[in-house]
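> please find the sequence and the predicted model below.
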Number of protein chains: 2
Amino acid sequence: MSQPGYKQFCPVAMAAEVLCTRWTMVLIRELVAGTNRFNELRRGVPKMSPTLLSQRLKELETAGILEKKEHSSEKGIFEYHLTKAGKDLYPVVEAMGNWGQKWVESQISLKNLDPSLLMWDMRRNLDPSPLPTKQTVIQFLYPELSRSKQRWWLVIEPKGDVDLCWADPGFDIDLYVTTDLRTMTAIWMGLTTVKRESEQMKLIGAKEIASSMQIWLGLSPFAAQKKLVP
Amino acid sequence: MSQPGYKQFCPVAMAAEVLCTRWTMVLIRELVAGTNRFNELRRGVPKMSPTLLSQRLKELETAGILEKKEHSSEKGIFEYHLTKAGKDLYPVVEAMGNWGQKWVESQISLKNLDPSLLMWDMRRNLDPSPLPTKQTVIQFLYPELSRSKQRWWLVIEPKGDVDLCWADPGFDIDLYVTTDLRTMTAIWMGLTTVKRESEQMKLIGAKEIASSMQIWLGLSPFAAQKKLVP
DNA sequence: CTGTATCCCCCCGGATACTG
DNA sequence: CAGTATCCGGGGGGATACAG
């Protein structure tokens, strides 16, 4: 924030000077979620220009919220890590997220659909524990979308690592999910639940994987917060 | 916010679109604190232009955070009241305030001294219970400041109502407080405590009122949060 | 008392290309 | 991969005066 501050000693105002500038809270949410590298942050905030991202990262570093460190083993690789003060922003993110989940109308949230963002979030929160301890591949198909955004693959490795692919990785597919982006997003946000063989979603493949989808599909961290507006 | 939104369905992003624009969180803090009238809000956010204040109030109304109502008995008097969604922002304000109190350096906060704001806040949080159940008048003198900002009076009525005066109300004074603005602000923020007869503060007048000053002087709502940086 | 109207500057931030 | 350099336009928001 290079605009003059609020000139208030109040801690809320002091915090707001740092936190309440454009994109900053969204970026912090991404950092709190555990993203550390520049280009990964870009995936989490795709509409933010790299220039502004770079600028905000510097501001947050100056504010003592994060530290930029060169990767220990690889030269030229940098990572951004929250400091103790930065990690302590978790309650702020949590409070804002819960409020948003509770009070922002679904209709409005669901105007901001983005398959890349959704799949990226799903990758992050997926829970491999109900899945077989072998490589599992799940294909998502959104027929409504343009060719390049139609198909996505989640590859769950035996150890539990999850990869997201936007090009066919060539592996055998264990489960095919065909749905529309709005439905999938609503499920991920906790606004509705997975129903096998609904109009909006078709699951084809391994039955045990299909039937546990609501489990292994980790939801948004705010999905549990009940909505109080339609 | 008329800038295009973040295009993210994430509740944090949705909330940030409404909350993280300039002045908005500071204004909401003031509303959460119980201020309802336009000109009282101006006292709470003195550096915000009336145009922008008006604009933000409309935005918050549109967002379903507050309602503007005409005062029931007096025509032409309007009040802004938080809706249920607005009151539910309390955890957000609290989280941000606690973070600010904990992590923003005192040196920086104490660069934003403002006697009007401080006295206004003190008026709001003053606890009359330890005071005698008669009218009590306390004069604050900041010798360092310009004439018009040097002297302030808190008038506590028998019922407990507190008035703030910037001109001598003419009543008998029960306690004279002479200090500097930085010390008084630090005390109110919980960074230090009242000490009788220190270099920084002189208390002259009724002994029982002087000795209970740390009590009746209600502190900032965030004073209890311990600071983790100097 | 409760705002509006108006003016205008500055700078925020979006877009794009490019570099080590 | 990890950013910078550069350009540019729009509008956010500060200041002030005034009106109902």
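Now that the structure is in, tell me what you want to look at.

> which parts of the helix or strand bottoming out on mean pLDDT in chain A are buried?
Lowest on mean pLDDT, DSSP states H and E among the helices and strands of chain A sits helix A:147-150, with a mean of 92. Within helix A:147-150, no residue counts as buried by 16 or more other C-beta atoms under 10 Å in any protein chain shown. Every residue, glycine included, has its C-beta placed from N, CA and C.

> ok, residues contacting it?
Outside helix A:147-150, the residues that touch it by C-beta atoms under 8 Å, 6 or more residues apart in numbering or on different chains are A:115, A:116, A:141, A:142, A:143, A:166.

> alpha carbons only: can I get stretch A:197-214 in CSV?
Listed in CSV are the C-alpha atoms of stretch A:197-214, where the atom choice follows Å, rounded to 0.1, in the frame of the first residue of the first chain:
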residue,chain,number,x,y,z
GLU,A,197,-26.5,-41.3,-11.6
SER,A,198,-28.0,-37.9,-11.2
GLU,A,199,-28.9,-35.8,-14.2
GLN,A,200,-25.9,-33.6,-13.5
MET,A,201,-23.3,-36.2,-12.9
LYS,A,202,-22.4,-39.6,-14.3
LEU,A,203,-19.8,-41.8,-12.7
ILE,A,204,-18.5,-44.7,-14.7
GLY,A,205,-15.8,-47.1,-13.6
ALA,A,206,-14.7,-48.8,-10.4
LYS,A,207,-17.8,-49.0,-8.1
GLU,A,208,-15.9,-48.7,-4.8
ILE,A,209,-14.2,-45.6,-6.0
ALA,A,210,-17.4,-44.1,-7.3
SER,A,211,-19.3,-44.8,-4.1
SER,A,212,-16.7,-43.2,-1.9
MET,A,213,-16.3,-40.1,-4.1
GLN,A,214,-17.9,-37.9,-1.5
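
> how far away from the center of its chain is it?
Offset of stretch A:197-214 from its chain centre (C-alpha atoms, centre = their mean, to the nearest Å): 22 Å.

> returning to that earlier point: would JSON lines of the contacts of helix A:147-150 with pLDDT be doable?
Supplementary listing: those in JSON lines, determined by pLDDT from 0 to 100:
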{"residue": "A:115", "pLDDT": "96"}
{"residue": "A:116", "pLDDT": "95"}
{"residue": "A:141", "pLDDT": "98"}
{"residue": "A:142", "pLDDT": "98"}
{"residue": "A:143", "pLDDT": "97"}
{"residue": "A:166", "pLDDT": "91"}
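
> most surrounded residue in the residues you listed?
Using other C-beta atoms under 10 Å in any protein chain shown as the contact criterion, the top neighbour count among the contacts of helix A:147-150 goes to residue A:142, which has 22 neighbours.

> where's residue A:121, which helix or strand?
In this structure, residue A:121 is located in helix A:115-125 according to DSSP states H and E.

> got it, and residue A:159?
Element membership of residue A:159, judged by DSSP H and E, is empty: it is in no helix or strand.

> spit out the contact partners of it.
In this structure, residue A:159 makes contact with no residue, judged by C-beta under 8 Å, 6+ apart.

> where do the helices sit along chain A?
In chain A, the segments counted as helices under DSSP state H are A:11-19, A:24-32, A:38-44, A:50-62, A:84-87, A:90-103, A:106-109, A:115-125, A:147-150, A:181-188, A:207-211, A:213-216.

> now residue A:15: how far from residue B:181?
Using C-beta to C-beta, to the nearest Å, we find residue A:15 at a distance of 22 Å from residue B:181.

> of those two, give the one with the bigger neighbour count.
Using other C-beta under 10 Å, the more surrounded residue of residue A:15 and residue B:181 is residue A:15, with 26 against 18.

> got a pLDDT number for the nearest residue to that one once chain neighbours are set aside?
Once flanking residues are discounted, residue A:15 sits nearest to residue B:100: 3.5 Å by C-beta to C-beta, 6 or more residues apart in numbering or on different chains. You'll see residue B:100 listed with a pLDDT of 97.

> how about residue B:100, what does it touch?
For residue B:100, the contacting residues are A:10, A:11, A:12, A:13, A:14, A:15, B:109, B:222, taking C-beta under 8 Å, 6+ apart as the criterion.

> domain-wise, how is chain A divided?
Listed domain ranges for chain A are A:11-88, A:112-216 (source: automatic domain parsing).

> distance between the shortest one and the chain's centre?
A distance of 15 Å separates the C-alpha centroid of domain A:11-88 from that of its chain, computed with C-alpha atoms, centre = their mean.

> quick one: it near DNA strand C?
Yes: using C-beta under 7 Å from any atom of the strand, domain A:11-88 comes into contact with DNA strand C via A:21, A:22, A:23, A:47, A:48, A:49, A:50, A:51, A:52, A:76.

> filter the residues you listed to the buried ones?
Among these, those buried by neighbour count (16+ other C-beta under 10 Å) are A:21, A:22, A:23, A:47, A:48.

> which members of these are the farthest-apart pair?
Spatially, the most separated pair among these is A:21 and A:47, at 15.5 Å (C-beta to C-beta).

> what about residue A:136, neighbour count?
Other residues within reach of residue A:136 by the criterion other C-beta under 10 Å amount to 22.

> how close does the nearest residue to it once chain neighbours are set aside sit to DNA strand D?
Using C-beta to C-beta, 6+ apart and skipping the chain neighbours, the partner closest in space to residue A:136 is residue A:156 (4.4 Å). For residue A:156, the distance to DNA strand D (C-beta to the nearest atom of the strand, to the nearest Å) stands at 21 Å.

> wait, residue A:156 sits on residue A:126?
Yes: with the criterion set as C-beta atoms under 8 Å, residue A:156 and residue A:126 qualify as a contacting pair; they are 7.0 Å apart.

> what is in contact with these two at once?
Common contacts of residue A:156 and residue A:126 (C-beta under 8 Å, 6+ apart): residue A:162.

> who has more neighbours, the two?
Set residue A:156 next to residue A:126 and count neighbours by other C-beta under 10 Å: residue A:156 wins out with 24 against 18.

> and the more buried one, what is it in contact with?
When contacts are counted by C-beta under 8 Å, 6+ apart, residue A:156 touches A:126, A:128, A:131, A:135, A:136, A:137, A:138, A:162.

> the second one: neighbour count?
Okay, so that is residue A:128. Residues contacting residue A:128 under the criterion other C-beta under 10 Å number 17.

> pretty sure it contacts residue A:215?
No: with contact defined as C-beta under 8 Å, residue A:128 does not reach residue A:215; the gap is 10.4 Å.

> how much space between the closest residue in space to residue A:211 that isn't next to it in sequence and chain B?
Closest residue to residue A:211 in three dimensions, ignoring its sequence neighbours and counting by C-beta to C-beta, 6+ apart: residue A:196, at 7.0 Å. Residue A:196 sits 24 Å away from chain B, going by C-beta to the nearest C-beta, to the nearest Å.

> do residue A:144 as well
According to C-beta to the nearest C-beta, residue A:144 and chain B sit 16 Å apart.
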